[in-house]
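>>> Next comes the sequence, and after it the predicted model I'd like to discuss.
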Amino acid sequence: MERRTIKPYQEGISAISRTDRAWETAHLKECLELIKRNVVFYEKENEERHAETTQLLKAMKSGDIELYNQAMTAASLEAHAANQLRKNRAALKQPYFGRIDYREGEYRQQEVYIGKNGIFRNQTDVVIADWRAPISSVYYENELGLGEYQLPDGSRMEINLELKRTYDVQEGILKGYYDSDVASNDQLLIQYLSQNKEAVLGDIIATIQKEQNEIIRESPFANILVQGVAGSGKTTVAMHRISYILYNYRERFMSNEFCIIGGNDLLLDYITAGLPELDVPDIKQKRMDVMLSHLLGREWSKKRKFIDTTSDAGVRSKIDFMLELEVYILRLRERCLKVGALEDKELGIILSESNNDRLAAENAEFSIIRILQLLDERVKTRIKFLSPEGEKEYFLQKCRQYKDYFKNRAPKDSIYDIYANFLREYERNRPGSIDLTEHEKNAGEGKYDVYDLAALLMIQYRVTRKKEDEEFGQIFIDEAQDFGITPYYALRRVLPKCYFTIMGDVSQNINYETGLNDWGELKKWMLTGERDCFYLLSKSYRNTIEISEYAGKILEKASFGKYKIEPVIRHGLPVWESGRLLETEMYEKATEIISGARDKGYHSIAVICKDETEADFIGKWLEDVTILPIRLTKGLEFDVVILWNLNMEQAALKQSDAKLLYVAVTRALHELYLLNL
């Protein structure tokens with residue numbers, strides 16, 4: 001990637017000490033003046049580009065199709081101008097949040113200011129470095145003194161870091177700054193975390209921590225799995241990793257190659273809402289079931305539909321089920337591909353048995369159909385070679401004679417029939433493991449759950465798939481613990497050239513019988529390359545000390561104490577728990593809490609209850625507040641949370657219920673209330 005020149009913007013202020021507050025104030029002022037000039041420039045350019053694009057498109061509609069390339073170029077330039085305008089306008093409030101002074105070898109000291117967006121004086125001079133630029137990693141990771149940073153090509157630059165400074169800039173005004181050798185940037189982090197949810201989301205780039213930054217900047221050519229406790233920033237890290245990869249590897253990855261997978265639409269909407277601010281367009285988002293059915297393509301017709309996990313899903317969510325399916329398909333493969341030799345009375349041996357067997361062995365990842373198609377293509381080539389020279393009609397006659405000779409050996413059953421046959425065999429070998437009556441009833445109505453889809457995808461991949469799926473280059477999976485191993489196994493096999501970033505917390509597994517309660521198997525099947533790695537995020541940035549301590553007691557039961565919370569030192573109100581209340585008293589108390597929270601400036605307030613039925617009932621009494629069942633709160637966070645009659649003491653006695661309670665408690669950023677009947 002091209003390296004741009006980064007220079008300190010210091011016109012007219014170089015005589016002042018560069019560590020002096022007056023110099024910093026003057027520097028900020030001049031940066032803002034430059035940004036304002038940029039805004040004016042890009043406003044004009046965007047307007048002119050838009051007019052040009054509109055005119056060209058109008059001419060094309062009139063029939064002048066030769067203008068297509070010009071129109072596409074103009075549209076691209078318009079999009080660039082609009083993007084630069086957005087970045088500069090955003091920078092007016094907070095142009096930068098950090099600064100590093102360093103030396104590379106014998107070169108003079110360089111000063112680099114770091115912001116959410118790169119700001120340019122011209123096409124080559126960078127006034128403010130984008131947080132995603134390689135040099136910016138120094139701010140997040142390095143301590144003063146000798147160190148290094150990595151370039152996108154993997155090479156490393158040695159530096160001597162002499163200053164690392166964090167700024168508090170609000171609405172274009174310098175409120176203060178901290179140097180790393182004076183105070184940790186945790187001070188600024190705590191300040192941001194003390195604000196309401198909207199403020200936190202806006203300032204998160206300034207407070208990315210070292211352990212988070214390592215994951216964000218990990219090579220895109222690696223599969224990574226992240227175990228992170230509630231509030232450790234998993235979702236934020238995933239979003240920023242997407243932005244980082246697209247910024248630094250734009251020649252390798254296009255944004256439409258990325259897909260974010262989640263368990264429900266509410267979570268996906270929450271995740272992707274922040275992507276435009278991170279300069280990330282055109283990212284696909286799909287629920288797990290939608291992703292699997294998308295990969296099935298035409299074989300998942302509109303007549304079929306997804307259903308929630310059925311009662312016997314426990315077996316089908318386990319790795320043994322998928323490995324048994326692989327064995328079943330392998331037997332089918334051997335029957336179909338043990339084709340012997342093809343011999344013609346006139347031409348002799350067209351294809352030998354050994355050559356046919358070798359073709360199948362050398363292309364073990366090809367489906368049965370694809371191998372048979374290759375054999376038919378070889379038949380045609382061999383007939384041409386063996387036919388008398390110049391006898392075109394003879395060649396064509398022999399081709400007709402052996403047309404689809406091997407393809408006709410393909411399984412006649414659909415992937416759904418093959419799956420049904422496998423389930424019957426599986427049940428015969430393990431009586432009682434699968435409710436065949438229920439499955440056949442659902443299948444007859446075209447209903448399948450996520451584990452059925454994973455199995456069907458594997459059958460399609462191994463039996464009928466004609467070509468590789470190259471649509472996806474990077475897949476990001478959030479709340480990964482809520483699914484068993486089988487969908488991951490299928491995705492890994494079907495998309496071997498794709499890279500996965502998988503985020504989750506086994507302590508928050510809301511599907512206890514089918515989801516993941518440890519990462520052992522997922523590590524084994526997903527982290528198979530030399531670069532692949534497992535990360536652990538233990539520090540929680542979401543909750544106050546008081547909420548974290550309350551959650552920690554539940555966590556002991558939810559994960560047997562394997563993954564503990566390390567909260568950021570941020571105090572708040574104690575967790576408030578009512579005694580036994582009458583139903584009318586609960587509504588009165590909830591109304592009082594909600595009103596008080598709004599008076600404090602909190603906007604995101606949620607009431608979390610047991611299930612959808614109770615959520616609907618509560619919604620009739622409480623207005624203008626988010627009401628959700630626990631299962632739909634995964635990955636979300638709110639300034640204030642009210643837990644509605646969850647019977648904490650009783651539920652915490654069972655590990656599966658403890659995981660649900662842990663999810664509910666850790667949704668609260670600042671205040672947590674428990675109301676009980």
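Looks like it arrived, so ask away. Numbering: from 1, shown residues only.
>>> Please tell me I have it right and residue 167 contacts residue 98.
Yes - Residue 167 sits in contact with residue 98 when judged by CB atoms under 8 Å, with a separation of 6.7 Å. For glycine as for every other residue, the C-beta is placed from the backbone atoms N, C-alpha and C.
>>> Ends of stretch 537-546, what's the gap?
In stretch 537-546, first residue to last residue: 20 Å (CA to CA, to the nearest Å).
>>> now what about it, what contacts it?
For stretch 537-546, contacts defined as CB atoms under 8 Å, 6 or more residues apart in numbering pick out 189, 193, 207, 209, 211-212, 215, 226-234, 237, 548, 551, 563-575, 637, 666, 668-670, 672.
>>> where's it relative to the chain centroid, distance-wise?
Centroid separation for stretch 537-546 versus its chain: 22 Å, with CA atoms, centre = their mean, to the nearest Å.
>>> picking up where we left off before, narrow the contacts of stretch 537-546 to just the buried residues.
189, 193, 207, 209, 211-212, 215, 226-234, 237, 548, 551, 563, 565, 567-568, 570, 572, 575, 637, 666, 668-670, 672 (16 or more other CB atoms under 10 Å).
>>> Just the ones of the residues you listed in strands?
226, 227, 228, 567, 668, 669, 670, 672 (DSSP state E).
>>> So for those, which is the shakiest by pLDDT?
Minimum pLDDT for these is recorded at residue 567 (77).
>>> roughly how far apart are that residue and residue 456?
44 Å (CB to CB, to the nearest Å).
>>> and what of residue 29?
Taking CB to CB, one finds residue 29 at 62 Å from residue 456.
>>> Return the residues in contact with the nearest residue to residue 609 once chain neighbours are set aside.
The spatial neighbour of residue 609 that comes closest, neighbours along the chain excluded (CB to CB, 6 or more residues apart in numbering), is residue 644 at 4.1 Å. If you count contacts by CB under 8 Å, 6+ apart, residue 644 has them with 586, 590, 607, 608, 609, 610, 614, 618, 675.
>>> Farthest pair within those residues?
590 and 610 (15.3 Å; CB to CB).
>>> Settle it for me: which of the two has more neighbours?
Of the pair residue 590 and residue 610, residue 590 is the one with more neighbours under other CB atoms under 10 Å, namely 21 against 18.
>>> The helix or strand containing that one: what's the following helix or strand?
Assigned by DSSP states H and E, residue 590 belongs to helix 583-599. Using DSSP H and E, the helix or strand that follows helix 583-599 in sequence is strand 605-609.
>>> can you pull the alpha-carbon coordinates of the next helix or strand after that next one into CSV?
Next along the chain after strand 605-609, taking DSSP H and E as the criterion, comes helix 612-619. As requested, the backbone C-alpha atoms of helix 612-619 are provided in CSV (Å, rounded to 0.1, in the frame of the first residue of the first chain):
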residue,chain,number,x,y,z
GLU,A,612,-42.5,-12.6,24.5
THR,A,613,-45.9,-13.1,26.1
GLU,A,614,-44.9,-11.2,29.2
ALA,A,615,-43.3,-8.5,27.1
ASP,A,616,-46.6,-8.0,25.2
PHE,A,617,-48.5,-7.7,28.5
ILE,A,618,-46.1,-5.2,30.1
GLY,A,619,-46.2,-3.1,26.9
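>>> The helix or strand just after helix 612-619: how far from the chain's middle?
Beyond helix 612-619 on the C-terminal side, the first helix or strand identified by DSSP H and E is strand 626-629. From the chain centre to the centre of strand 626-629 is a distance of 24 Å (CA atoms, centre = their mean).
>>> Just list what strand 626-629 packs against, helices and strands only.
strand 605-609, helix 612-619 (3 or more CB pairs under 8 Å, 6 or more residues apart in numbering; DSSP states H and E).
>>> So for the longest one, what gets flagged as buried?
Yep, that's helix 612-619 we're talking about. Buried residues in helix 612-619 (16+ other CB under 10 Å): 615, 618.
>>> Contacts made by that helix with the rest, please.
Residues contacting helix 612-619 (CB under 8 Å, 6+ apart): 607, 609, 627, 628, 629, 644, 645.
>>> I'd guessed the second one sits against residue 629; true?
Yes - because the distance of 6.0 Å satisfies CB under 8 Å, residue 609 is recorded as touching residue 629.
>>> Which one of these two is surrounded by more residues?
residue 609 (24 against 18).
>>> Just the CA trace of the host helix or strand of residue 383, in PDB.
Per DSSP H and E: residue 383 is located in helix 368-386. Backbone C-alpha positions of helix 368-386 (Å, rounded to 0.1, in the frame of the first residue of the first chain) are rendered in PDB as follows:
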ATOM      1  CA  ILE A 368     -20.100 -36.300  -6.700                       C
ATOM      2  CA  ILE A 369     -21.800 -34.400  -9.600                       C
ATOM      3  CA  ARG A 370     -18.700 -32.400 -10.300                       C
ATOM      4  CA  ILE A 371     -16.500 -35.500 -10.500                       C
ATOM      5  CA  LEU A 372     -19.000 -37.200 -12.800                       C
ATOM      6  CA  GLN A 373     -19.100 -34.000 -15.000                       C
ATOM      7  CA  LEU A 374     -15.300 -34.000 -15.200                       C
ATOM      8  CA  LEU A 375     -15.300 -37.700 -16.300                       C
ATOM      9  CA  ASP A 376     -17.800 -36.900 -19.000                       C
ATOM     10  CA  GLU A 377     -15.600 -34.000 -20.200                       C
ATOM     11  CA  ARG A 378     -12.600 -36.500 -20.300                       C
ATOM     12  CA  VAL A 379     -14.700 -38.900 -22.300                       C
ATOM     13  CA  LYS A 380     -15.200 -36.300 -25.000                       C
ATOM     14  CA  THR A 381     -11.500 -35.400 -25.100                       C
ATOM     15  CA  ARG A 382     -10.500 -39.000 -25.300                       C
ATOM     16  CA  ILE A 383     -13.000 -39.800 -28.100                       C
ATOM     17  CA  LYS A 384     -11.600 -36.900 -30.100                       C
ATOM     18  CA  PHE A 385      -8.100 -38.300 -29.500                       C
ATOM     19  CA  LEU A 386      -9.000 -41.800 -30.500                       C
END
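>>> Quick check on the residue nearest the centre of the chain: phi, psi?
Closest to where the C-alpha atoms of the chain average out (CA atoms, centre = their mean) is residue 476, at 2.6 Å. When quoted as degrees, to the nearest 10, the phi and psi of residue 476 stand at phi -120, psi 130.
>>> quick one on the thing from earlier: now distance to residue 55 too, for the ones in strands among the buried ones among the contacts of stretch 537-546, in a markdown table please.
As requested, these are exported to a markdown table (distance: CB to CB, whole Å):
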| residue | distance to residue 55 |
| --- | --- |
| 226 | 49 |
| 227 | 55 |
| 228 | 51 |
| 567 | 58 |
| 668 | 54 |
| 669 | 50 |
| 670 | 53 |
| 672 | 58 |
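>>> now, which of those residues sits nearest residue 493?
Among those, and counting by CB to CB, the member closest to residue 493 is residue 226, at 22.0 Å.
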